[in-house]
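> no FASTA, just this:
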């Protein structure tokens, strides 16, 4: 078997001698066989997808039928009473995602502009690679790093400072009940770092699609670099950047392990501040599925999974539809 | 031109690779089912398979390695959580399950399982209080319950001061830290609060409860990190974790009214003093608030579950032989790892009153 690659790369001489009549047979059966295999693989993906949805619905049916719509409107998550309300998880998912996007989106745009417009292509490549490598770090590493480095930092410096500024007087920005270390805010910050590479990569591609002549026309009119970036590049790619945001959003919504470590694990009280501990849908499942006791408890957790599945799916579809439109309009390749 | 013959060759390589991969996968699959599907298997018991609680995992795996050296029998223990262990033994995919919270007698009967305690551990309240040294703060069960209910909110509260004459308690807010994941540690701790202060502690007892106040940490390490970073905080962790990370533990007042500090001896005392005989046949005791002058009040046993009537006598016997070896020879290893082996009187009860009920195809397995 190991000789096969050599035959192929060495070109026409060796295979004829080594394989004899085999290539002829392969050419007759190869195409249909490969087509069949490829079709099977493609169908397998679709099957996984629908199978997953079907299992989520059937396994959460006990919870859907007994708890009903109250599942999404109540906050009481009490396994000892076998009562489950997911509102705290839903609220926490919304808060952490908003914090993450509010930080990551502007940051990613600035970095993308830097990479496409401001620095030498060699520097752009190095910085670009470094940012893409962030995406390759497993989320458990972010969880551990967050727990031992970011949480103490938040607790001792960032949150006390923030709550002392006028920001602290805004609603939902009041002093957290537990010091703000393990909190929705901390989870959101770490999430921002985790989704940054995804938003940056797409934003950079969209920005690089801005036709050179348009930018040169701007410079020809006497515009500064800032004016070209702000009034031409950014306007030209605004919708693409929104699409990039959706991709980041999809990631932030479902991120599990890092959030499970940092968010503070409070399941039955709505947060009154972003510095309060809380939970997200994914964190609730990750933290409690292992030791879930009753069948209703398990079923409720699977219903949470179903909710997350539907929400992320909706955002992913939205993102793809949006990006497809953007590509059609701008005629780009990314 | 070299292009025409190249394509079929590449295709051949692809097909060979795919077929090869499929064969390899099939071979792996075959191997796994032959090796892993233990009950009803070949009858030779070279591997004992167990699954369940993560708390005793370090102990069982250490015992397993030693036992392998002595007997040649391999122990494969999967630390998947108590609920997973219970599900696995009910589905008969393992030889034994392990759970930190015992099943009740009816649950055992309906699932066709036997249950016995295997090792004992303690849960320790830990604090982060300025000026308070390890073992200095004294708490009763009622005070602990009022703290975790959110009824006592300042450390210089009069009720705390009354229990700690001569100790200068800081004027600081009480921050509660609990587990955010479902856990046997929480089961033991909340059972203790329910047992000693049921009138105050109304949040129930389970592996995961609706906490009235506080912040959650994931695992012992999460609670420890929270307590260490949050000034004025109190949480609870497994003894081994508190000891190894040198956290500030407290003194508790036990049922006999004595002030005790957590130690292997005080957990062992709880297990030895407990009335296991009256809990037969399930032996489903929560070891909290047991009598005895030296007893640590927040103690719990970790339990083993086996099939009451199995199809494979050799596998059950191999599993019981491992536990028998561990009872007889495993104490030193247990203590080195900060676990408490079961006292001899309890072990004798397990052998005579639980194992004697284990059958395979109607015949008694353990003589």
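That came through, no problem. Source: prediction; values computed, not measured.

> Write out the residues of the stretch 51-200 of chain A neighbouring chain B.
The stretch 51-200 of chain A comes close to chain B at residues A:76-81, A:147-148, A:151-152, A:155-156, A:177-179, A:181-182, as judged by Cβ under 8 Å from any Cβ of the partner chain. To be clear about C-beta, it is placed using only N, CA and C from the backbone, and glycine gets the same treatment.

> Repeat the analysis, applying 6 Å as the threshold.
A:78, A:79, A:80, A:147, A:152, A:155, A:178, A:179, A:181, A:182 (Cβ under 6 Å from any Cβ of the partner chain).

> State the pair within those that is farthest apart.
A:80 and A:152 (32.3 Å; Cβ to Cβ).

> Need the per-residue pLDDT for residue A:304.
Here the pLDDT value assigned to residue A:304 is 94.

> The nearest residue to it once chain neighbours are set aside: neighbouring residues, count only.
Of all residues not flanking residue A:304 in the chain, residue A:281 sits nearest, at 5.2 Å (Cβ to Cβ, 6 or more residues apart in numbering or on different chains). Here the number of neighbours of residue A:281 (other Cβ atoms under 10 Å in any protein chain shown) works out to 27.

> Which pLDDT value does the model give residue 133?
Unless you meant another one, I'm taking chain A. pLDDT, residue A:133: 88.

> Chain B, not that one
89.

> same deal with residue B:182?
pLDDT, residue B:182: 86.

> On the three-state scheme, it is what?
Secondary structure assignment for residue B:182 (DSSP: H, G, I helix; E, B strand; the rest coil): coil.

> In the stretch 51-200 of chain B, which residue sits closest to chain A?
residue B:180 (2.0 Å; Cβ to the nearest Cβ).

> what does the stretch 201-350 of chain B give?
Of all residues in the stretch 201-350 of chain B, residue B:216 sits closest to chain A, at 2.5 Å by Cβ to the nearest Cβ.

> Just give the number of residues close to the residue lying closest to residue A:70 once chain neighbours are set aside.
In space, and not counting its chain neighbours, residue A:70 is closest to residue A:85: 6.6 Å by Cβ to Cβ, 6+ apart. Per other Cβ under 10 Å, the neighbour tally for residue A:85 reads 20.

> Please report how far residue A:85 lies from residue A:75.
Computed as Cβ to Cβ, to the nearest Å, the residue A:85 to residue A:75 distance reads 5 Å.

> Surely residue B:227 is in a strand?
No - judged by three-state DSSP, residue B:227 forms no part of a strand; its state is helix.

> Any idea what the closest residue to it other than its chain neighbours is bridged to?
Leaving aside its chain neighbours, residue B:227 sits nearest to residue B:235 (4.4 Å; criterion: Cβ to Cβ, 6+ apart). According to DSSP bridges, residue B:126 are recorded as the beta-bridge partners of residue B:235.

> so who does residue B:235 touch?
B:126, B:177, B:223, B:227 (Cβ atoms under 6 Å, 6 or more residues apart in numbering or on different chains).

> wait, isn't the residue nearest to residue A:304 in contact with residue A:87?
No - assessed by Cβ atoms under 6 Å, residue A:281 is found out of contact with residue A:87, at 11.0 Å.

> Count the residues that sit near residue A:118.
By the measure other Cβ under 10 Å, the count of residues near residue A:118 is 12.

> picking that back up, quick check: the residue nearest to residue A:304 vs chain B, distance?
The gap separating residue A:281 from chain B is 14 Å, by Cβ to the nearest Cβ, to the nearest Å.

> And the pLDDT for that residue?
pLDDT, residue A:281: 94.

> which ones are touching it?
Counted by Cβ under 6 Å, 6+ apart, residue A:281 has contacts A:89, A:93, A:304, A:308.
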